[in-house]
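Student: Show me the folded form of this:
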Amino acid sequence: MKAVFVKGKNRVAVDDISVPCMGDQDVLVKMRACGLCGSDLEKVYGDYGMSSSKLGHEPTGDIIQMGNSVKGYCIGDRVFVHHHVSCHACHYCWHGDFTMCNMYQKSNIEPCGLSEQILVPESNIIRGGLVKLPEDVTFDEASLIEPLACCIRGLTKCKLQKGDDIAILGAGPAGLMHVILAKLTGAGKIVVFDINQFRLDFAKELFDIDTYNVAREKDIIKKMQDTTDFRGADTTIVATGSSKAIIQSIDLTRKGGNVLLFGVPTEGTMVLCDISRVYSNELSIIPSYASSEIEINQAIRLISSKRIKVGSLITHRFDITNASEGIKCAHRAKDAIKVIITAK
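Tutor: Alright, predicted model coming up:
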């Protein structure tokens, strides 16, 4: 079978490898679609700060083989595969910090999501890492379940109220999923900032919101102030790893507001800011990393109910044999929003 691996800085390759050996409690899934995430691009082109270097964590497909002791699934079931699961029994899990669980990082799928066939181990299955898809959710839509779940978790932390004004730094897939969710919660003004004009135009046309090119606008802080009666955003979402965007987020946010750190920063990123301003303005700096099966199931219900249409964000599809070109396309982002890799 074919699988995609990082081969060094800025290099990936599609290799022919053996199908993983199954255990009696494991499941083998034929990958049908897997989205490319910003963290995947960071692993290839940047300096990813987390321990895993596997590519692809948004896979969906159908079950083609099961261990003899597996219960509750059938050959042919259409499923979403979550790469990480938490133990539900440690100090972190008891406090609801599921993505901080030690098991969360240690758990995974084999060999990765960007693989024609994926082994889902027993430990993942029994902890909710293999979820049956409703019949009305396509594989394309299902490849967006995991990133949507991450956005749900982040916005839940911010405790948005109806009518809140939202600033979003970054018009990539995650930024636009935050737009979708913010609209669903009844947000007031939503303003998106980026340096990529294609993505800004895409967002404006699809969502009818205000967008500004940070590279062209002289004063984006004033733009946000003018939009919100000189208060600033109730919540500013940093949907990029840019350190400059993190600094800008503090000035974009109203007194007592929230800054959601969502984008993946490069390892070792340092930000110099006036912490006294954060203190005196009572800003809440809220990081949000990944998602648990709680948000995964919430995402599936939202997609299945047709309350949101995430499929509209998919602009490019590449067969796994051309995955390296797909990764380049997603990285350049010249005319791309969400890029997915498919397998027949």
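Student: ranges for the helices of this protein?
Tutor: Secondary structure of the chain (DSSP state H): helices located at 38-45, 91-94, 102-106, 122-125, 139-142, 145-158, 173-184, 197-207, 220-227, 243-252, 275-280, 293-304, 323-332.
Student: Pipe the ones you listed into TSV and attach mean neighbour count and mean pLDDT per row.
Tutor: Bear in mind the C-beta positions are built from the backbone N, C-alpha and C, glycine included. TSV is the format used below for the helices of the chain (neighbours: other CB atoms under 10 Å; pLDDT from 0 to 100):
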stretch	mean neighbour count	mean pLDDT
helix 38-45	22	92
helix 91-94	14	98
helix 102-106	16	94
helix 122-125	18	97
helix 139-142	23	98
helix 145-158	24	98
helix 173-184	23	98
helix 197-207	17	98
helix 220-227	17	96
helix 243-252	20	97
helix 275-280	11	96
helix 293-304	19	98
helix 323-332	20	98
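Student: Need those in TSV (columns: distance to Lys30).
Tutor: What follows is those, written out as TSV (distance: least, CB to CB, whole Å):
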stretch	distance to Lys30
helix 38-45	20
helix 91-94	31
helix 102-106	25
helix 122-125	16
helix 139-142	11
helix 145-158	17
helix 173-184	24
helix 197-207	32
helix 220-227	46
helix 243-252	39
helix 275-280	49
helix 293-304	19
helix 323-332	16
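Student: of all those helices, which lies closest to Pro20?
Tutor: helix 122-125 (13.0 Å; CB to CB).
Student: what's the spacing between that closest one and its chain's center?
Tutor: Chain-centre distance of helix 122-125: 22 Å, with CA atoms, centre = their mean, to the nearest Å.
Student: can you tell me which of the helices of the chain comes nearest to Val131?
Tutor: Of the helices of the chain, nearest to Val131 by CB to CB is helix 293-304, at 6.4 Å.
Student: Would you mind putting the CA coordinates of the closest one into CSV?
Tutor: Only the C-alpha atoms of helix 293-304 are listed here, as CSV (Å, rounded to 0.1, in the frame of the first residue of the first chain):
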residue,chain,number,x,y,z
GLU,A,293,-14.2,12.6,21.1
ILE,A,294,-16.7,15.0,22.8
GLU,A,295,-16.2,17.6,20.1
ILE,A,296,-15.7,15.0,17.4
ASN,A,297,-19.3,13.8,18.0
GLN,A,298,-20.6,17.4,18.2
ALA,A,299,-18.9,18.1,14.8
ILE,A,300,-20.5,15.0,13.2
ARG,A,301,-24.0,16.0,14.5
LEU,A,302,-23.6,19.6,13.1
ILE,A,303,-22.5,18.3,9.7
SER,A,304,-25.1,15.6,9.5
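Student: mind checking pLDDT for the closest residue to Thr99 other than its chain neighbours?
Tutor: Spatial nearest neighbour of Thr99, chain neighbours left out: Ala290 (4.4 Å); criterion: CB to CB, 6 or more residues apart in numbering. Per-residue pLDDT puts Ala290 at 96.
Student: next one: Lys344
Tutor: 87.
Student: now Gly49
Tutor: 60.
Student: The residue nearest to Thr99 contacts Cys150, doesn't it?
Tutor: Yes - between Ala290 and Cys150 there is a contact under CB atoms under 8 Å: 6.0 Å.
Student: Kindly check the end-to-end length of stretch 25-43 for me.
Tutor: Taking CA to CA, to the nearest Å, the first and last residues of stretch 25-43 lie 31 Å apart.
Student: scratch that, stretch 282-301 is what I was asking about
Tutor: First residue to last in stretch 282-301 (CA to CA) measures 35 Å.
Student: ok, residues contacting that stretch?
Tutor: 80, 82, 84-86, 98-99, 104, 127-129, 131, 133-134, 137, 142, 145-146, 148-150, 152-154, 156-158, 250, 253, 255-262, 277-278 (CB atoms under 8 Å, 6 or more residues apart in numbering).
Student: go again using 6 Å as the cut-off
Tutor: Stretch 282-301 has contacts (CB atoms under 6 Å, 6 or more residues apart in numbering) with 82, 98-99, 128, 145, 148-150, 152-154, 157, 253, 256, 258-262.
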